[in-house]
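Engineer: Below is the sequence, then the predicted model.
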Amino acid sequence: MAEAFAFKIGKGRLEAISAGTSPSENLNHIVVQAMLELGIDISDQKPKMVTQEMVEKSDMLVSMGCPPDEGCNVLFTPDEDWNLDDPHEQPIDVVRNIRDKTLEKVQNLLNILNI
């Protein structure tokens, strides 16, 4: 969701890549549905594993729900943690809330970056 929002709002002025430490094999169909409600089709995306190369090429690293002080199993220390719930196995109303919080976080970050 964050990658799609960054792409849409940032209009090509930045590159955002979403990846996880334990990505699913397939997209969450409820997340796809929630994004479609806002006119954003992510159905052609694939979950990605975060790599050391991604980390090294990044100017900023954001985790969705794993603060650095919790010692999460990641390849990096995030610059920022957004403390968002995982939409996995959540009903659509919960996923909508996570989607909306993600959008707000992306908008705030782009404002701070003046993008």
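Structural biologist: Yep, it's here.
Engineer: where along the protein do the strands fall?
Structural biologist: Per DSSP state E, the chain has strands spanning 62-63, 80-81. These are given in chain order.
Engineer: Note down every partner strand of the first one and its orientation.
Structural biologist: Translated: strand 62-63. strand 80-81 (parallel) (DSSP bridges).
Engineer: While we're on Thr51, how confident is the model there?
Structural biologist: In the prediction, the pLDDT value recorded for Thr51 is 89.
Engineer: Let me know how buried it is, in neighbour terms.
Structural biologist: 12 (other C-beta atoms under 10 Å). Every residue, glycine included, has its C-beta placed from N, CA and C.
Engineer: any idea how far it is from Glu80?
Structural biologist: For Thr51, the distance to Glu80 (C-beta to C-beta, to the nearest Å) stands at 20 Å.
Engineer: can you check Asp86 too?
Structural biologist: In terms of C-beta to C-beta, Asp86 sits 17 Å off from Glu80.
Engineer: more neighbours, those two?
Structural biologist: Glu80 (14 against 11).
Engineer: so what's the closest residue to the more buried one other than its chain neighbours up against?
Structural biologist: Distance criterion C-beta to C-beta, 6 or more residues apart in numbering; nearest residue to Glu80, sequence neighbours excluded, is Val62 at 5.0 Å. Applying C-beta atoms under 8 Å, 6 or more residues apart in numbering to Val62 gives the contacts Ala2, Pro78, Asp79, Glu80, Asp81, Trp82, Leu109.
Engineer: Turn these into a markdown table, including pLDDT and distance to Glu56.
Structural biologist: As requested, the contacts of Val62 are exported to a markdown table (pLDDT from 0 to 100; distance: C-beta to C-beta, whole Å):
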| residue | pLDDT | distance to Glu56 |
| --- | --- | --- |
| Ala2 | 95 | 20 |
| Pro78 | 78 | 14 |
| Asp79 | 85 | 14 |
| Glu80 | 87 | 18 |
| Asp81 | 87 | 20 |
| Trp82 | 93 | 22 |
| Leu109 | 93 | 21 |
